[in-house]
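Visitor: What follows is a predicted structure for the sequence shown.
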Amino acid sequence: MKTNATPSRRKLLQLAAAALSVGIIPMMGRASDDSDNDYETGDDDLSSNNTTLALANTGLKANIVVIGGGMAGVTAAKYLRLWGGVDINVTLVEPNAMYTSNIMSNLVLNGSRTINSLAYGYTSVAAKYGVVVKQAWVQSVDTAGKSVTLSNGSTLPYDRLIVAPGIEFMNAFGLTQSDYESKTPHAWRAGPQTELLRQQLAAIPLDGTFVMTIPKAPYRCPPGPYERACLVADFLKTHKGAASKVVVLDENASIQAEVHSFTEAFTHIHNGVIDYRPGVTNIQIDPDTKAVSFKDAQGLPVTILANVVNPIPPQRAAGSDGGWLAQTGLNNSVSNGVPDGRWCVVDVLSYESTAVKDVHVIGDAASCGLPKAGHVANQEAKICADAIIRTLGGQQPDSAPVANSACYSPITATTASWLTAVYQYDAVNKKMALAANGGVTTGATATEAGAIDTENFRDMNTWFNTLMSDSYA
């Protein structure tokens, strides 16, 4: 893919910051934004941001429960209070005390980051904005009686429910959840598996072989697997020998995001190390011997003996496999005309479920035409919060929402690329669609960085800290 004409790096950062803070403006009014804050590179302690924004004065009253404290859930909770005002009671349900960012977690694999540097808590949204945080699991949801029962036995009534559970990982390639956790980590949820994969990489022998898989889209973070391949290749050829190999088995027919940048990375920057194989099928992995068998794009059988295997399995909305989400009927997606129950279909004007009234689904679990990514989750949360506030005020949701997607992808330990895109509502297909200048969607494409360089790597930290602060500070 030819790189489009690109804005300057600083302009990209300004656009991304603007999209985070002022991209969605509720009709009821909003507090002043904090998009001008300058977050220092590597500053992941958001407690240093002491800015508290004033809650809007809307006069609206409602009880809103938000399930899930990831990027989507915490952003929705924060902005419902900011834009809805003091009488919009928001309760955030999250079983974990901290959220570990999936964004930047590939940098843990080469030692550039630590897992602890990616941890974010809920103290700020509770103290500054009055969000009530309940550390518990969801036991069940009564959509008829409008209540959520928690693992501690308590029940939360709601007028509106926002569901942001994230994803779960399906058994695949002959592997089980136990294999993922102890032998062949996918590390597609940042945490213990990320640490395990880092340790396996550190122990790989001289000129060893690393095999990773990429599932058919949709999956969380479209450029993420290709980014990981680059960082692992950079680490191996630097520390384990130039004859090291990173074999990428992609079940998709081609690279799914940042095609120009990753083609450049695979064929030039990491040439001879990355062996990219698209269109593979029938992948099978032995978790003990690390033998990986598959059929290549021509249908020919191939077997590779690896030292480390990193299978990124197919994904679905968390709770879809007989859990509370499935019991509510929210997971109503269809693939090729057949119900598959993997995702939750929503009306993207409000993110209200098409299956259950007064329940909204945002983030990776939603099926809406947007990529599954952290920056996008932040945007979906704001569109959803705005729509709920408008509805509570007797108005209709915005009929033409616009969302921005932006991300940086490290290519080596010191260089990065970036991708940005604007999405607008497609009234014909009732989904969000890529848009170009003037709102034209036909032929619109995302914009990639013109170069892979160190300045992008430095700017990446500014983008990341701004995004995380907007959600968690």
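Guide: Happy to help now that I have it. Numbers count the residues shown, from 1 in each chain.

Visitor: how about the helices in the stretch 301-450 of the chain?
Guide: 324-328, 374-392 (DSSP state H, counting those that start in this stretch).

Visitor: what about stretch 250-267, distance to the chain center?
Guide: 19 Å (CA atoms, centre = their mean, to the nearest Å).

Visitor: May I have the distance across that stretch, first residue to last?
Guide: 16 Å (CA to CA, to the nearest Å).

Visitor: Roughly how far does the residue sitting nearest the centre point of the chain sit from I362?
Guide: Closest residue to the average C-alpha location of the chain: A373 at 2.8 Å, with CA atoms, centre = their mean. Taking CB to CB, to the nearest Å as the measure, A373 falls 13 Å from I362. C-beta here means a position set from N, CA and C on the backbone, and glycine is covered the same way.

Visitor: neighbours around the closest residue to the residue nearest to the centre of the chain other than its chain neighbours, how many?
Guide: Leaving out its chain neighbours, the residue that sits closest to A373 by CB to CB, 6 or more residues apart in numbering is C221, at 5.3 Å. The local packing of C221 (other CB atoms under 10 Å) involves 25 other residues.

Visitor: just to revisit the earlier point, wait, which of the helices of the stretch 301-450 of the chain is closest to G174?
Guide: helix 324-328 (24.5 Å; CB to CB).

Visitor: for the record, mean pLDDT for the closest one?
Guide: Throughout helix 324-328, pLDDT has a mean value of 96.

Visitor: Ok, stretch 255-272 next?
Guide: 98.

Visitor: which residues sit against that stretch?
Guide: Stretch 255-272 has contacts (CB atoms under 8 Å, 6 or more residues apart in numbering) with 1-3, 214, 217, 222-223, 226, 229-230, 233-234, 237, 242, 246, 274, 276, 278, 371, 409, 411-412, 417, 419, 446, 448-449, 452.

Visitor: same for the helix or strand hosting L467, what does it pack against?
Guide: Using DSSP states H and E, L467 falls within helix 454-472. Where contact means 3 or more CB pairs under 8 Å, 6 or more residues apart in numbering; DSSP states H and E, helix 454-472 is packed against helix 9-22, helix 71-84, strand 119-120, helix 374-392, strand 402-410, strand 416-426.

Visitor: looking at these, which is buried most?
Guide: Neighbour counts (mean count of other CB atoms under 10 Å) averaged over each of those peak at helix 71-84, with a mean of 28.

Visitor: just how off-centre is that helix within its chain?
Guide: 17 Å.

Visitor: which element follows it toward the C-terminus?
Guide: Note on helix 71-84: by DSSP H and E, the next helix or strand toward the C-terminus is strand 88-93.

Visitor: Alpha carbons of that following strand, in PDB - could you do that?
Guide: Taking C-alpha atoms only, strand 88-93 is exported to PDB below (Å, rounded to 0.1, in the frame of the first residue of the first chain):
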ATOM      1  CA  ILE A  88     -25.800  10.900  37.600                       C
ATOM      2  CA  ASN A  89     -24.700   8.100  40.000                       C
ATOM      3  CA  VAL A  90     -22.100   5.900  38.300                       C
ATOM      4  CA  THR A  91     -20.800   2.600  39.700                       C
ATOM      5  CA  LEU A  92     -17.800   0.900  38.100                       C
ATOM      6  CA  VAL A  93     -17.600  -2.900  38.600                       C
END
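
Visitor: Output the below-cut-off pLDDT ranges for the protein.
Guide: Across the chain, the ranges flagged by pLDDT under 70 are 1-51, 437-441.

Visitor: Go again with 90.
Guide: 1-54, 336, 428-429, 436-445 (pLDDT under 90).

Visitor: Got the domain ranges for it?
Guide: The record's domain parsing of the chain by automatic domain parsing lists 26-169+316-397, 177-313.

Visitor: give the contact list for the spatially closest residue to S335 that is not a sequence neighbour.
Guide: Leaving aside its chain neighbours, S335 sits nearest to R342 (7.3 Å; criterion: CB to CB, 6+ apart). Taking CB under 8 Å, 6+ apart, we find R342 in contact with Q315, R316, A317, S320, N331, S333, S335.

Visitor: can I assume the first one is in contact with P215?
Guide: Yes: taking CB atoms under 8 Å as the contact criterion, Q315 and P215 are neighbours in contact, 7.0 Å apart.

Visitor: Now do the buried residues in stretch 199-206.
Guide: Q200, L201, I204 (16 or more other CB atoms under 10 Å).

Visitor: So which of those sit within helices?
Guide: Q200, L201 (DSSP state H).

Visitor: out of the buried residues of stretch 199-206, which one sits closest to A355?
Guide: A355 lies nearest to Q200 out of those, by CB to CB, at 40.9 Å.

Visitor: Please consider this matter closed, and thank you.
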